[in-house]
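Quick check, what structure comes out for this input:
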Amino acid sequence: MITLLLILFSSLHLISAIISDCKNGKIIFDPSSPDHSYQANFSSPEPVSPANFSCEFQINVPEGSFARVELTLISLINSQSSVVIFDQLNRSETVFAATPSYFYFIASGGRIQFSTDSNKTNFGFTVFWNKYPNPAVVGARVNASDTQPIIETPHGKMSILINAETKVSATILKPQLPYLLKYLRGVIFFDGPDWNNTKNFGTGLQLLNGNTQYVSTGNSMTVLILSTSLDDFAWLIFQDYERTKDIKRFQGVWCDRNISPCGSITLDATNGPVALQVSGDDSVISGLNGTGQLEVYIGIASQNKTNLVATYHPGAAETSSSLPQSVFGTFKTFLMTNGNATITFNDTQDAHEMTVPVGKTGFISSNNYGTFTYQLCDMLLHSAAKSKVKFRYSISQIDLVGQPYFEISGQSNGKLVYNRIVFHADPEYFYFIANGGRIQFSTDSNETNFGFRIFYDKYQNFTMSGGSVNVSNIVPLIKIPDFGGSMLIKAETKVSATVMRLPDDYMLHYLRCVIFFDGPSYNNTKNIGTGLQLLNGNTQYVSTGNSITVLILDNPPVGFAWLLFQDYELTKDIKSYQGAYCNSFNPCGSITLDATNGPAALQIYNKNDVNVISDLSGSGQLEVYIGAASQNKTNLVATYNAGETSSSLPQKVFGFFKTLLLTDGNATVTFNDTYTEGVMYVSVGSTGFLSSDRYGRYALQSCYATLLNSYKSIVKFRWSISDIDLVGDMWLQVFGEQIINNERSTYVKNYNASNPPTLNSYEEFIGTSMTVNFGDRECKNGKIVIDNTHLVYRYPANFSAPGPVFPANFKCEFQINVPEGWYAVVQVSLISPNNSQSSAVIFDQLDRSET
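As a prediction, the model looks like this:
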């Protein structure tokens with residue numbers, strides 16, 4: 001057993017003095033200055049500055065503070081009088097008119113250069129200094145596989161931290177009203193997980209005016225919000241840079257047909273792809289003129305284009321016949337891949353009702369098409385002047401899992417002429433045992449399709465393997481019934497039963513045929529309930545004695561139910577349960593645990609043997625167990641406080657079965673289901689742990705993981721071993737690519753029973769990667785026999801290319817048995833230094849060899 005701790009590097013005074021002559025060409029303002037305005041006691045109407053006047057104002061800002069300058073500049077039309085604002089990094093913005101405008105300075109401050117031409121100019125400003133508050137960081141994560149962006153509005157927030165799978169890309173939408181633009185200067189973007197002044201990208205206004213994106217160098221970006229407004233004055237769009245790296249320009253608008261219509265927007269992609277990001281109402285494209293190709297996405301321009309709904313070629317005949325076109329969804333991306341075109345939106349057209357001329361083509365899609373979430377679509381098409389036309393349609397993609405429906409109807413002169421077509425999922429199955437039950441059916445004013453069939457059958461006289469549970473158990477007893485019959489579960493005290501939600505919702509109705517009984521038989525008077533009731537209740541069934549009987553009434557699909565049993569002594573304090581069977585194909589996603597009324601448990605099974613916790617938001621304490629929430633906590637690997645995990649997440653947790661126990665509060669756990677197996681990217685300052693897959697249990701253990709700093713930069717890896725069991729052939733190897741005097745070499749530490757490590761003693765090296773391999777070499781007698789009972793066999797048990805480093809003078813033979821009609825494919829990885837004599841000799845069935 002091993003747990004490795006990984007630590008990677010770690011007021012305002014107004015006085016009556018007059019300041020107008022600027023004798024030295026410069027005036028300095030800081031919090032201790034007697035004057036906080038120019039001119040002194042400045043107020044509207046603004047004082048008049050003389051012609052051909054110039055002055056520089058230095059605004060000093062101490063660390064931990066910021067300054068807001070409220071500035072007014074009024075001059076004649078075509079006047080060259082101006083104000084040039086320089087920030088702390090000497091980036092400038094020139095202003096010819098401000099009535100008034102806000103400018104923000106962070107440490108160490110900036111400058112205001114004011115100059116007039118031959119005309120007199122009204123000019124003045126006031127400086128307000130404020131300290132940064134202690135902000136509550138709003139955190140989120142973006143991934144390369146996303147189809148929707150993270151959208152943040154600054155209202156009510158002081159800072160926002162965004163993490164990414166690779167890098168963070170930030171863009172911005174133009175505010176609905178022009179007067180809100182000035183607040184964008186108070187939205188400041190920083191490279192990394194804090195607001196380090198030297199890593200300041202710029203402001204929201206600079207981002208908007210540059211038609212560009214800000215991109216983090218690592219996997220995090222922080223936004224500091226100094227503006228305050230009653231409105232959501234800015235819409236900040238975050239994506240993983242993997243999705244935006246090929247896009248050269250960005251334009252963003254928040255459209256509302258009553259306040260800020262989209263109108264016509266030109267996209268110039270002659271120098272590379274241009275993205276128009278639109279949020280707000282459903283859109284209606286009414287025109288597309290120019291050249292090139294336009295791709296329309298509901299959401300972002302995704303990796304696999306699952307949310308791509310249309311591709312247009314401006315000026316082509318097929319494009320003119322396909323417009324106008326409704327595009328549903330609150331966020332859309334119009335990606336111009338080449339050429340130069342103007343897209344026009346009809347901001348007065350109802351997107352859900354459209355008159356279509358003869359010959360028109362188009363599409364209808366749901367509002368979140370391509371994203372795994374709730375979908376909705378409704379559309380009314382009618383012919384011009386209500387004339388009779390032929391409507392022709394086909395369905396290219398539809399998902400009817402669960403309870404959705406799809407309906408099409410046609411009318412002529414107010415009469416229904418086309419029969420409604422309703423697609424629906426498979427019929428629901430319900431099960432009755434003696435003495436039966438009832439079905440109550442009623443309809444409202446609408447026509448309803450209804451019917452059922454009944455099949456009677458006897459219980460299957462088959463007793464399945466049961467089992468027993470004890471107070472000392474570390475893992476639950478997991479039963480996966482594949483056919484009808486019954487099973488008996490016994491306990492040391494009482495039996496606790498829970499159930500896991502499977503990834504395929506269409507199999508949920510089979511849980512109704514799983515019935516739990518209190519006691520050693522299926523006595524109808526002691527019926528606790530069905531598997532579906534257990535799942536939907538987020539609860540546990542508990543026997544009054546020391547046994548529960550489970551009756552399966554049908555022959556359902558293989559693996560339709562995962563039943564978990566524990567001794568009630570371990571679960572008696574837990575108030576609610578959730579269970580999830582998830583892996584890279586069936587992602588866990590985000591799961592909310594509510595422990596306000598008592599501890600809440602999330603039970604996870606993952607056949608890939610690893611889950612990655614990427615975020616924990618909310619409140620409360622979360623305990624992570626490999627196995628069950630045990631009595632003595634020997635298998636507890638981590639404890640987190642929600643909202644305080646930025647340096648310790650993401651975190652890999654090995655083991656097929658885990659329990660995440662929220663002891664109090666209300667928190668959302670987010671899993672990264674797109675991780676690379678065996679590899680975890682970590683940033684400077686991260687902390688974490690590595691544990692074996694059965695930590696806390698008396699069983700064969702293994703662990704294999706590689707840590708990489710983002711983009712393989714050179715960092716210091718610092719680690720210690722807090723717990724390890726090196727009985728028998730168990731061994732631990734820590735190795736990596738280290739850098740010494742700019743030379744690359746291999747860092748290796750090997751431990752076994754005869755060479756144990758010193759616990760809680762830190763080791764460290766400087767390099768680009770660190771790999772931990774823990775397991776049993778299994779070659780106790782110099783030979784290992786392998787046959788097809790394994791189907792897939794790995795040596796060592798946790799092997800993934802390029803494989804672990806073996807010690808010097810090690811030998812082992814592997815006998816690979818293959819039965820008639822079968823063959824075996826062996827993928828061998830062998831890497832050794834030049835001129836090494838380490839080798840693998842392969843012998844076939846006729847003893848012919850290859851070295």
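
By mean pLDDT, point me to the weakest helix or strand of this structure.
Between all helices and strands in the chain, the lowest mean by mean pLDDT, DSSP states H and E belongs to strand 2-8, at a mean of 33.

Look up how far residue 78 lies from the closest residue to residue 490 other than its chain neighbours.
Spatial nearest neighbour of residue 490, chain neighbours left out: residue 468 (4.4 Å); criterion: C-beta to C-beta, 6 or more residues apart in numbering. C-beta: built from backbone N, CA, C; applies to glycine. From residue 468 across to residue 78, the span is 92 Å (C-beta to C-beta, to the nearest Å).

quick one: which of the two has more around it?
Higher neighbour count among residue 468 and residue 78: residue 468, with 16 against 8, using other C-beta atoms under 10 Å.

what helix or strand does the more buried one sit in?
Residue 468 belongs to strand 467-469 when assigned by DSSP states H and E.

Show the average pLDDT along that strand.
Averaging pLDDT along strand 467-469 gives 94.

If you count contacts, what does it end up packed against?
Packing contacts for strand 467-469, counted by 3 or more C-beta pairs under 8 Å, 6 or more residues apart in numbering; DSSP states H and E, involve strand 477-479, strand 485-491, strand 563-567.

any idea which of the ones you listed is most buried?
strand 563-567 (a mean of 25; mean count of other C-beta atoms under 10 Å).

can I assume residue 390 sits in a strand?
No. Secondary structure of residue 390, determined by DSSP: H, G, I helix; E, B strand; the rest coil: coil, with no strand assignment.

Residue 412 versus that one, what's the distance?
12 Å.

which of these two has more neighbours?
Between residue 390 and residue 412, counted using other C-beta under 10 Å, the more crowded position is residue 412 (11 against 6).

On the strand side of things, show who residue 487 bridges to.
residue 550 (DSSP bridges).

got a pLDDT number for it?
pLDDT at residue 487 comes out at 92.

Would you mind measuring from it to residue 532?
Taken as C-beta to C-beta, the span from residue 487 to residue 532 is 18 Å.

Ok, residue 552 next?
Distance from residue 552 to residue 532, by C-beta to C-beta: 13 Å.

What segments of the stretch 101-250 of the chain are strands?
109-115, 121-131, 138-142, 150-152, 159-164, 168-173, 187-191, 200-203, 214-215, 220-225, 235-240, 249-255 (DSSP state E, counting those that start in this stretch).

can you put those strands in TSV and add distance to residue 759, mean neighbour count and mean pLDDT?
TSV is the format used below for those (distance: least, C-beta to C-beta, whole Å; neighbours: other C-beta atoms under 10 Å; pLDDT from 0 to 100):
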stretch	distance to residue 759	mean neighbour count	mean pLDDT
strand 109-115	51	20	91
strand 121-131	45	20	88
strand 138-142	34	21	85
strand 150-152	42	18	90
strand 159-164	32	24	91
strand 168-173	38	26	95
strand 187-191	38	24	92
strand 200-203	44	20	89
strand 214-215	43	19	96
strand 220-225	33	24	90
strand 235-240	39	25	93
strand 249-255	52	21	90
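
With distance to residue 597 added, can I get those strands in a markdown table?
Listed next are the strands of the stretch 101-250 of the chain as a markdown table, based on distance: least, C-beta to C-beta, whole Å:
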| stretch | distance to residue 597 |
| --- | --- |
| strand 109-115 | 51 |
| strand 121-131 | 39 |
| strand 138-142 | 26 |
| strand 150-152 | 31 |
| strand 159-164 | 30 |
| strand 168-173 | 37 |
| strand 187-191 | 39 |
| strand 200-203 | 44 |
| strand 214-215 | 43 |
| strand 220-225 | 35 |
| strand 235-240 | 34 |
| strand 249-255 | 40 |
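
Assess the claim that residue 668 and residue 616 are in contact.
Yes. Using C-beta atoms under 8 Å, residue 668 is in contact with residue 616, at 7.4 Å.

Compare those two and say which is more crowded by neighbours.
Neighbour count, other C-beta under 10 Å: between residue 668 and residue 616, residue 616 has more, with 25 against 14.

what's the following helix or strand after the helix or strand where that one lies?
Using DSSP H and E, residue 616 sits within strand 610-618. On the C-terminal side of strand 610-618, the closest following helix or strand by DSSP H and E is strand 621-626.

Quick one: work out the angle between the helix or strand following that following strand and strand 610-618.
Counting by DSSP H and E, the next helix or strand C-terminal to strand 621-626 is strand 636-641. Per axes from the mean of the first three to the mean of the last three C-alpha atoms, to 10 degrees, the angle that strand 636-641 makes with strand 610-618 is 20 degrees.

quick check, distance from strand 636-641 to the centre of its chain.
21 Å (C-alpha atoms, centre = their mean, to the nearest Å).

Got the domain ranges for this structure?
As assigned by automatic domain parsing, the chain contains the domains 2-7+612-776, 26-131, 138-244, 249-422, 467-572.

Low-confidence ranges, the stretch 301-450 of the chain, go.
Along the stretch 301-450 of the chain, segments meeting pLDDT under 70 span 351-352, 370, 372-374, 379, 386, 399-405, 417, 419-427, 447.

rerun at 80
Low-confidence regions of the stretch 301-450 of the chain, defined by pLDDT under 80, span residues 303, 315-321, 347-357, 359-360, 362-391, 393-409, 411-429, 445-450.

next one: the stretch 701-850 of the chain
Using pLDDT under 80, the stretch 701-850 of the chain drops low at 701-704, 709-713, 728-729, 775-811, 814, 821, 831-837, 849.

quick one, strands of it?
703-709, 715-724, 730-740, 743-751, 763-767, 769-776, 783-786, 813-816, 842-843, 849-850.

now those in a markdown table, with mean neighbour count and distance to residue 385?
As requested, the strands of the stretch 701-850 of the chain are exported to a markdown table (neighbours: other C-beta atoms under 10 Å; distance: least, C-beta to C-beta, whole Å):
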| stretch | mean neighbour count | distance to residue 385 |
| --- | --- | --- |
| strand 703-709 | 22 | 66 |
| strand 715-724 | 19 | 71 |
| strand 730-740 | 19 | 74 |
| strand 743-751 | 14 | 77 |
| strand 763-767 | 17 | 75 |
| strand 769-776 | 22 | 70 |
| strand 783-786 | 13 | 77 |
| strand 813-816 | 13 | 78 |
| strand 842-843 | 12 | 80 |
| strand 849-850 | 8 | 81 |
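
would JSON lines of these with distance to residue 244 be doable?
Below are the strands of the stretch 701-850 of the chain laid out as JSON lines (distance: least, C-beta to C-beta, whole Å):
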{"stretch": "strand 703-709", "distance to residue 244": "23"}
{"stretch": "strand 715-724", "distance to residue 244": "26"}
{"stretch": "strand 730-740", "distance to residue 244": "31"}
{"stretch": "strand 743-751", "distance to residue 244": "33"}
{"stretch": "strand 763-767", "distance to residue 244": "31"}
{"stretch": "strand 769-776", "distance to residue 244": "27"}
{"stretch": "strand 783-786", "distance to residue 244": "47"}
{"stretch": "strand 813-816", "distance to residue 244": "48"}
{"stretch": "strand 842-843", "distance to residue 244": "47"}
{"stretch": "strand 849-850", "distance to residue 244": "48"}
